[in-house]
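1. sequence and computational prediction follow.
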Amino acid sequence: MQVFNSYVQPDAKMTLISTPSRIVTLGYEAYDTLRALGAEASIIAAPKHRIPEYLNSMPDSIADTKSLTDIDLDQMRALKPDLIISSARTTHLLDELDEIAPVFNYETYSSQYWSNFDEINLELARIIDKEAEAQRLIADLNVRADRIRKASQAADNTNLLLLHDDNKFTTFKPNSRFALIFTLLGFSAVNRQYSFTDLGEVIRVPEIAALNADRVFIINRTAAMRYDPEQDAHEQRMLMQRNDLQTIKASETGKLYFLTPDLWYLSGGGLDSTGLQLEELSEILGF
């Protein structure tokens, strides 16, 4: 019997009798971490409705929890898990899930992104007895992140991240949802006043142009949820050809970048997905 941090609340603990062998993951980031640590065989259920391309597929033996947000609690009970790994999208169900099995809340907190990333991934690794493997993977990610940070800070560019959905753009505070780019990797954010919400704010193209960012990242939420490569490519071309977007500085200088939609919107924070995000940003920086 061992006691671990559960992260359901800041100081919350959970007690496990043995190493879990019937794990339900409710988000893709926890799934990819378990897979990276060689513990995929312990997963009995995960969302399969829209699997990010980087995960490729999941074994047929893994049951489908379907939605990333609306969980079938009767299904959870029937699965008889010995550990449930929740995500930011299921925090509203923590109390109900805790009645079924011990819950580990896998969520990286934005204001201290990397320290929480380290802490949560290492604690999950301890739970499944894979701490040494996790330490090696995190050390490698640290080296790669440090290289990107040095390059981004040396470039002295301003950056803006936009989420695109149904012809609307949303932007986020630097230390909120996409803190990896700004807080960890040192990409300087444009000078803009944000409200207190972490959920993002609608921003129109004239303001985007006025912010005059040297580099603009776009995540296409529509594409992340749909996954139709041909349609996604067409939509990206249409966005690039929008007259109003062509007037912004980043478009004129060729520094308007579309990030991989499902990797950045549906996942992120896992050991595999974070590595892929670092790889994508490395390519943008030219190394």
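-> Sure thing, it's come through. Numbers count the residues shown, from 1 in each chain.
2. please make it C-alpha for all contacts and neighbour counts, starting now.
-> Noted.
3. OK, contacts around the residue nearest to Ser67 when sequence neighbours are not counted?
-> Distance criterion Cα to Cα, 6 or more residues apart in numbering; nearest residue to Ser67, sequence neighbours excluded, is Pro47 at 6.2 Å. Shown in contact with Pro47 (Cα atoms under 8 Å, 6 or more residues apart in numbering): 25-28, 64-68.
4. just checking, which of those residues belong to strands?
-> 25, 64 (DSSP state E).
5. of the contacts of Pro47 - the most surrounded one?
-> Scoring the contacts of Pro47 on neighbours with other Cα atoms under 10 Å, the highest-scoring entry is Leu26 at 29 neighbours.
6. wait, it touches Ile85, no?
-> Yes - at 6.1 Å, Leu26 and Ile85 qualify as touching, with contact defined as Cα atoms under 8 Å.
7. tell me how the chain divides into domains.
-> Domain assignment for the chain by automatic domain parsing gives 2-107, 137-285.
8. nearest to Phe117, out of those?
-> domain 137-285 (6.8 Å; Cα to Cα).
9. mind checking how far that closest one is from the chain centre?
-> Domain 137-285 has its average C-alpha position 13 Å from the chain's average C-alpha position, going by Cα atoms, centre = their mean, to the nearest Å.
10. hang on, the earlier thing: between the domains of the chain, which gets the lowest average pLDDT?
-> Of all the domains of the chain, the minimum mean pLDDT falls on domain 137-285 (a mean of 89).
11. neighbours around Glu133, how many?
-> Neighbours of Glu133 (other Cα under 10 Å): 14.
12. and which of the contacts of Pro47 is nearest to Leu263?
-> Distances from Leu263 to the contacts of Pro47, taken as Cα to Cα, are shortest for Tyr28 (9.5 Å).
13. OK, contacts around the closest one?
-> Taking Cα under 8 Å, 6+ apart, one finds 46-47, 51-52, 266-267, 270 in contact with Tyr28.
14. closest one of those to Thr108?
-> For these, the nearest to Thr108 is Gly270 (9.5 Å; Cα to Cα).
15. all strands for the stretch 51-200 of the chain, in order.
-> In the stretch 51-200 of the chain, strands defined by DSSP state E, counting those that start in this stretch lie at 63-64, 83-86, 103-105, 158-165, 168-171, 188-189, listed in chain order.
16. that older thread, CSV please, covering the contacts of Tyr28 and showing distance to Gln246 and secondary structure.
-> Converted to CSV, the contacts of Tyr28 look like this (distance: Cα to Cα, whole Å; DSSP: H, G, I helix; E, B strand; the rest coil):
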residue, distance to Gln246, secondary structure
Ala46, 41, strand
Pro47, 38, coil
Ile51, 33, coil
Pro52, 30, coil
Leu266, 28, coil
Ser267, 29, coil
Gly270, 35, coil
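17. so can I have CSV of those residues showing distance to Leu73?
-> Output for the contacts of Tyr28, formatted as CSV (distance: Cα to Cα, whole Å):
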residue, distance to Leu73
Ala46, 13
Pro47, 14
Ile51, 21
Pro52, 24
Leu266, 22
Ser267, 23
Gly270, 25
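18. quick one: closest of the strands of the stretch 51-200 of the chain to Leu259.
-> Across those (criterion: Cα to Cα), the nearest stretch is strand 158-165, sitting at 9.9 Å.
19. partners of that closest one, with directions?
-> According to DSSP bridges, strand 158-165 forms sheet pairs with strand 168-171 (antiparallel), strand 188-189 (parallel), strand 215-220 (parallel).
20. those strands: which one's closest to Thr260?
-> Thr260 lies closest to strand 215-220 among these, at 6.9 Å (Cα to Cα).
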